[in-house]
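# what would the 3D arrangement of this be:
(3 chains)
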Amino acid sequence: MGSRERVLQNILSQQAPAKFLPTFETNYSHDSDNFQKFCEALESIGGKAVEIVTWKGITDHVAEQYPSMRRIISTISELPWYVPQFEHDPHSFENVDLSVLKGHFGVAENGAVWVTESLMGHRSTPFISQHLALVLNKGDIVSTLHEAYDRIDRISYDFGIFIAGPSKTADIEQSLVLGAHGPKSMTVFLVAT
Amino acid sequence: MDTKEKTADHASRASAFNRDEQRVNWHDKTLWFVREKRDKAAWQIPEWEHLRELASQIKDNVLSNLHNYLIQFEKQASSNGIIVHWAATAQEHNEIVYDIIRKKGVSQIVKSKSMLTEECHLNEYLLEKGIDVVDTDFGERIVQLAEEPPSHIVLPCIHKKKEEIGALFHEHLGTPEGSSDPVFLAAAARADLRKHFMKSSVALTGVNFAVAETGEIVVCTNEGNADLGVQLADTHIACMGIEKIIPQRKHLGIFLRLLARSATGQPITTYSSHFRKPRAGQETHVVLVDNGRSERLKSIDFRNALKCIRCGACMNTCPVYRRSGGHSYHYAIAGPIGAILAPSLDMKKYADLPFASTLCGSCSNVCPVKIDIHDQLYRWRQVIVKNGYVNPGKSLGMRTMSTVLSNPSTFRWIGRLGRLFIKHLPFLVNHKLNPWYKKREMPAPPAQSFHQWYKTMRTNGK
Amino acid sequence: MRVALFVPCYIDQFYPKVAIATLELLEKLDIQVTYPERQTCCGQPMANAGFEHLTKATNKLFIENFDKYDYIVSPSGSCVLHVKHHLHSKASEDLAHSIKNNIYELTEFLIDVLKVKKLSSWFPHSVGLHQSCHGQRGLMLSQMSEIVGPPFSKSEALLNMVGGLNLIALDRSDECCGFGGTFCVTEDAVSAKMGLDRVRDHISHGVEFITSSDMSCLMHLEGILRRLKSDVKVAHIAEILNAPA
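Predicted structure coming up:
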């Protein structure tokens, strides 16, 4: 008998008597302003929320905040850094300073943005870049993760991720350091609709 | 760590840790700070206790239907193009992982945090086979360089001071001597580990949740090391204990709301990656590991420990853990949860751990999946004693105590004697061999017991 | 109502004043209290050390002493919790069961059964309240800092009825003192350090007395206070609630 069968048979003979799977509400919204709450949550985890009206708002902000950046890539055709076809080899992104990607929606309770592979160009871009910017419609913010998963059920993906702020570590004496292995900053551009 | 320390029990290791009181204070305060962050985060969720109850019920359901969920997961994951492996033991797990690496012809892999691989001693196994494992979580990298095990499942090097980390980096990464600024040290580690990420074609990760319904696995990190490793590699190996299964994707809403808030007080980890299908051209392997878990399922008293989602909240809140350090538990998982997991793997070796607690119950209260940790500690004590893994002197003492306490007249007599003893011959009790007396005075004995008082004042008086 | 007083073994031997205060307090509240004279111990010292199988005789004795009462009251949350969770008897499980339902820790009895709303006691001191874990987390005598829920505290409610008393807030409201039964000697280093940290929290906030509904915690804390040669004293909550006006 192989390991699979051995493990499964052992489980079957040992597992606990059937217990019900609970049902639950997914509507825990606390009637607050999702946009406001999202911005506060994002700031509290080291991210930055920037409201914009036109695409130029993004280029202006980048020019002002990141004047010395050499390589910026984006999957958004309206932006000057648009890359129509991403390289297949992720190692080619090693010197990317900033990636500007779209996100599907944000989550007010924790400042996270749901991004799937189709918006990334390559799966590595959100992690390998020195800085990350995500673009969201202001209206695309759900209240809690429960609502988020309701929405995720309608988006098919091979790889999807909640990104909440810049990469960080507090491993050294609980001192928070932004920019562990991934981006050192995360900006979310919120487009007024 | 010398060999003497390796065989020492929790009490003697804890006692050694307590020789440096300033350090104990620092360790306690650092972890209490994390506990306070957890409280603050939990209080922002009015439905917090309800979420804990739901998470607990979902995990109960998982443990009662694990067989079917695993088969469902395997089917879904396979149809998504993921290669699923089964390992009955730690040894099998290590062999499977090695076999995958060997076929890729590489001699180095990058690894993000996985308590399972700690449990299986994968690093040591691979090293013997000539495979170099680079731990990429900062904390894990630090303890790897120091050749120590992690002392905490979420904060692996929480026992180390920044000056010690600076010295370690000076030795291994060539940072200037005496540098201890966390920002500077983190930047140095980032630069060093990037090199490893760029050249590793095999990445190993743990798994926080595996969804039976969709066949996807979810990995949570703050540093982005799991993702950077996986997305730059051609091969992703994800190792998980079989208990990491959850039934449906929507259940992630509950678990992810609880996990980071319980662990560090963050509303969510920076990255919550959902790996459903391999990247084009990439191979994804999931190794499902039993290693004693299915045996534990049958035990009504101890099966609940399998609900654990490895948040570490029980460690941060544990007043004993905070004052004895993770290494005093001499097991991959320290603290209260480690103390109930370890004895089921090796009762003799870890017989001391369930006694390393005051049974205060704080661990059970912070547990996001409501494991009855302190009650299990109590029950483990009974099992360990029944199996004879306590010292004979203690057994004799307990037998004597039982005899005295179940006999009212002997109890009055001994009690009287005891009080006389302390009162008139305090030097016999107040000496260094009495562990109570090392740091505490003995109670001042009263002239008479309540029983005597009652007899004089009430029984006879009435 | 038939009320029995259960006096834990170590209180009987080392802290008779606590049992006396409990008895007098209940009598002041017009409760007729019986003290079953053949009582010894609930068996917790053995059970918590892993020797629950050696508690059959103490269980039997406990049942013999306490099976005839509507209420059993004890000035120790820890011992009450032990009885509630672990009192068993093969011969008379029904009696064990009814005792488990009828046993109350003192503050619980005062608040929940007697519904005490005011006391005549007077204790003009700054007092720090030490939460005993077994009373608090085991018997739910007060809300726990880990739980997201409304605050309540039976001890505090009672202490607030005492004239002149100034209840002092602490940095850590409900951290364990480290007594833990045999833990206090088998893990003496951690136990003593936990106690020291608790004591320092109280001292730094200027308390004159540390009180608790469990004397075992206080025995441990008192041992440390005396070693520190501190002026801070311990007093069981029964002594404070019974302090004459």
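
# now the closest residue to chain A within chain C: closest residue in space, sequence neighbours ignored.
In chain C, the residue that lies nearest chain A is residue C:148 (13.5 Å; CB to the nearest CB). From N, CA and C alone the C-beta is placed, and that goes for glycine too. Distances taken as CB to CB, 6 or more residues apart in numbering or on different chains place residue B:48 nearest to residue C:148, at 4.0 Å, with adjacent residues excluded.

# tally of neighbours for that neighbour?
Counted with other CB atoms under 10 Å in any protein chain shown, the neighbours of residue B:48 add up to 20.

# same thing with residue B:409?
Neighbours of residue B:409 (other CB under 10 Å): 9.

# does chain A sit close to stretch B:269-280?
Yes - applying CB under 8 Å from any CB of the partner chain, one finds stretch B:269-280 touching chain A at B:269, B:270, B:271, B:272, B:273, B:274, B:275, B:276, B:277, B:278, B:279, B:280.

# drop anything exposed from those.
In these, burial by neighbour count holds for B:269, B:270, B:271, B:272, B:273, B:274, B:275, B:276, B:277, B:278, B:279, counting by 16 or more other CB atoms under 10 Å in any protein chain shown.

# now render the residues you listed as JSON lines, adding secondary structure, distance to residue C:216 and pLDDT.
Putting these into JSON lines (DSSP: H, G, I helix; E, B strand; the rest coil; distance: CB to CB, whole Å; pLDDT from 0 to 100) gives the following:
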{"residue": "B:269", "secondary structure": "coil", "distance to residue C:216": "41", "pLDDT": "98"}
{"residue": "B:270", "secondary structure": "coil", "distance to residue C:216": "45", "pLDDT": "98"}
{"residue": "B:271", "secondary structure": "strand", "distance to residue C:216": "47", "pLDDT": "98"}
{"residue": "B:272", "secondary structure": "strand", "distance to residue C:216": "45", "pLDDT": "98"}
{"residue": "B:273", "secondary structure": "strand", "distance to residue C:216": "49", "pLDDT": "98"}
{"residue": "B:274", "secondary structure": "strand", "distance to residue C:216": "50", "pLDDT": "98"}
{"residue": "B:275", "secondary structure": "strand", "distance to residue C:216": "52", "pLDDT": "98"}
{"residue": "B:276", "secondary structure": "coil", "distance to residue C:216": "55", "pLDDT": "98"}
{"residue": "B:277", "secondary structure": "coil", "distance to residue C:216": "59", "pLDDT": "98"}
{"residue": "B:278", "secondary structure": "coil", "distance to residue C:216": "59", "pLDDT": "98"}
{"residue": "B:279", "secondary structure": "coil", "distance to residue C:216": "60", "pLDDT": "96"}
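
# what bits of chain A have low per-residue confidence?
By pLDDT under 70, the low-scoring segments of chain A are A:29-31.

# tell me which residue lies nearest the centroid of it.
residue A:163 (2.6 Å; CA atoms, centre = their mean).

# now the closest residue to that residue other than its chain neighbours: phi and psi?
Distances taken as CB to CB, 6+ apart put residue A:113 closest to residue A:163, at 5.4 Å, once the chain neighbours are dropped. When read as degrees, to the nearest 10, the backbone of residue A:113 gives phi -120, psi 130.

# just residue A:165 next, same as before
Dihedral angles phi and psi of residue A:165 (degrees, to the nearest 10) take the values phi 90, psi -180.

# I'd say it and residue A:184 touch.
No - counting by CB atoms under 8 Å, residue A:165 sits too far from residue A:184 to count as a contact (10.8 Å).

# overlap of the contact sets of these two?
Residues touching both residue A:165 and residue A:184 (CB atoms under 8 Å, 6 or more residues apart in numbering or on different chains): residue A:178.

# more crowded one of the two?
residue A:165 (30 against 18).

# would you mind measuring from the more buried one to chain C?
Computed as CB to the nearest CB, to the nearest Å, the residue A:165 to chain C distance reads 24 Å.

# contacting residues for that residue?
Going by CB under 8 Å, 6+ apart, residue A:165 touches A:42, A:45, A:46, A:47, A:111, A:178, A:186, B:270.

# got it, and residue A:52?
Under the criterion of CB under 8 Å, 6+ apart, the contact list for residue A:52 reads A:58, A:61, A:189, A:190, A:191, A:192.

# what two of those are the furthest from one another?
Distance extremes for those: the farthest pair is A:61 and A:192 at 14.3 Å, using CB to CB.

# of those two, who's got more company?
residue A:61 (16 against 11).

# may I have the longest helix seen in chain B as CSV, with CA atoms only?
Counting by DSSP state H, the longest helix found in chain B is helix B:21-43. C-alpha atoms of helix B:21-43 as CSV (Å, rounded to 0.1, in the frame of the first residue of the first chain):
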residue,chain,number,x,y,z
GLU,B,21,17.0,39.3,34.6
GLN,B,22,17.4,42.4,32.3
ARG,B,23,17.2,40.1,29.4
VAL,B,24,14.1,38.4,30.7
ASN,B,25,12.5,41.8,31.2
TRP,B,26,13.3,42.8,27.6
HIS,B,27,12.0,39.5,26.2
ASP,B,28,8.8,39.8,28.2
LYS,B,29,8.2,43.4,27.2
THR,B,30,8.9,42.8,23.5
LEU,B,31,6.3,39.9,23.4
TRP,B,32,3.8,41.7,25.6
PHE,B,33,3.9,44.5,23.1
VAL,B,34,2.9,42.1,20.4
ARG,B,35,0.1,40.8,22.7
GLU,B,36,-1.1,44.4,23.1
LYS,B,37,-1.1,44.9,19.4
ARG,B,38,-3.2,41.8,19.0
ASP,B,39,-5.7,43.1,21.6
LYS,B,40,-6.0,46.4,19.8
ALA,B,41,-6.6,44.7,16.4
ALA,B,42,-9.2,42.3,17.8
TRP,B,43,-11.1,45.2,19.4
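
# who does that helix touch, helix- and strand-wise?
With contacts defined as 3 or more CB pairs under 8 Å, 6 or more residues apart in numbering or on different chains; DSSP states H and E, helix B:21-43 has these neighbours: helix B:251-263, helix B:313-317, helix B:319-322, helix C:188-204.

# make CSV from those helices and add distance to chain A, mean neighbour count and mean pLDDT to it.
What follows is those, written out as CSV (distance: least, CB to the nearest CB, whole Å; neighbours: other CB atoms under 10 Å in any protein chain shown; pLDDT from 0 to 100):
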stretch, distance to chain A, mean neighbour count, mean pLDDT
helix B:251-263, 4, 25, 98
helix B:313-317, 11, 30, 98
helix B:319-322, 13, 28, 98
helix C:188-204, 19, 23, 98
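
# could these go into CSV alongside distance to residue A:78?
Listed next are the helices and strands packed on helix B:21-43 as CSV, based on distance: least, CB to CB, whole Å:
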stretch, distance to residue A:78
helix B:251-263, 32
helix B:313-317, 45
helix B:319-322, 53
helix C:188-204, 59
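
# can you tell which of these is closest to residue B:167?
Smallest distance to residue B:167 across these (CB to CB): 24.5 Å, for helix B:319-322.

# who touches the closest one?
B:14, B:27-28, B:31-32, B:314-316, B:329, B:334-336, B:356-358, B:360, B:362, C:175-176, C:178, C:187, C:190, C:194.
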